[in-house]
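Peer 1: structure of the sequence below:
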Amino acid sequence: MNRNNRHGKNKSWNNQRSYSNNFQNNKENFSKYYEGSRQSLSQENNENLKKNEQAIKELKSRTVICPLCQKAITDVSSALSDKASGSPVHFECVMSMLEKSETVGHNEKICYIGQGRFGILYFENPRDQRHFTIKKIIEWENRDAKFEWRDEISSLYSQVL
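Peer 2: Below is the predicted model:
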């Protein structure tokens with residue numbers, strides 16, 4: 001029996017030719033069919049991108065004053081919320097306020113540990129910053145609280161990036 005006629009077909013054993021021809025035809029049909037819709041989508045995306053960039057520029061141009069030091073906050077994305085009012089405050093102002101109010105012992109340091117919390121960390125070896133023990137957790141921001149200024153920033157940046 002002839003190898004090429006084994007299954008009654010005059011094709012290669014894995015149908016390479018017919019697959020590649022079908023793939024090429026499908027690819028051409030796909031590009032013709034969606035060519036117009038791609039152009040309208042790209043124009044729509046460009047318009048949305050420009051709107052978001054304009055909104056970010058407008059947000060950055062606003063002057064937000066820190067209630068602790070009475071100076072302008074230039075990087076609102078790194079700000080924390082004030083405990084009393086919920087308005088943005090400088091991260092550095094919160095750190096200096098905590099350093100004044102908390103007593104820090106030998107080989108201890110106040111650090112930001114995330115989610116609006118600070119901690120007093122104890123280092124057995126001050127040169128090795130990888131190994132530490134958290135002695136005290138200081139809740140600065142309430143976890144459940146939603147801040148309008150932070151929601152606005154996150155929504156704008158998540159749409160652009």
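
Peer 1: what ranges does this structure have for its strands?
Peer 2: 64-65, 72-73, 80-81, 88-89, 108-114, 117-122, 133-139 (DSSP state E).

Peer 1: so which of those strands is the most surrounded?
Peer 2: strand 88-89 (a mean of 24; mean count of other CB atoms under 10 Å). Using the backbone N, CA and C atoms, a C-beta is placed for each residue, glycine as well.

Peer 1: re earlier: and of the strands of the chain, who's closest to M95?
Peer 2: Among the strands of the chain, the nearest to M95 by CB to CB is strand 108-114 (6.9 Å).

Peer 1: give the rounded mean pLDDT of the closest one.
Peer 2: For strand 108-114, the mean per-residue pLDDT is 92.

Peer 1: contacts for it?
Peer 2: With contact meaning CB atoms under 8 Å, 6 or more residues apart in numbering, strand 108-114 is reached by 91, 95, 98-99, 102, 104, 118-123, 134-135, 137-138.

Peer 1: contact partners for F118?
Peer 2: Counting by CB under 8 Å, 6+ apart, F118 touches V94, M95, L98, I110, C111, Y112, I137, I138, W140.

Peer 1: same question, R117
Peer 2: Listed by CB under 8 Å, 6+ apart, the contact set of R117 reads I137, I138, E139, W140, E141.

Peer 1: any idea how far N45 is from G116?
Peer 2: In this view, G116 and N45 are 35 Å apart by CB to CB, to the nearest Å.

Peer 1: those two: which has the busier surroundings?
Peer 2: Taking neighbours as other CB atoms under 10 Å, G116 and N45 compare with G116 leading, 16 against 10.

Peer 1: for the more buried one, what are its contacts?
Peer 2: Shown in contact with G116 (CB under 8 Å, 6+ apart): L80, S81, E139, W140, E141, N142, R143.

Peer 1: any chance of the residues you listed in CSV, plus pLDDT and distance to A72?
Peer 2: Below are these laid out as CSV (pLDDT from 0 to 100; distance: CB to CB, whole Å):
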residue, pLDDT, distance to A72
L80, 88, 16
S81, 86, 17
E139, 91, 27
W140, 88, 21
E141, 84, 21
N142, 80, 25
R143, 78, 28
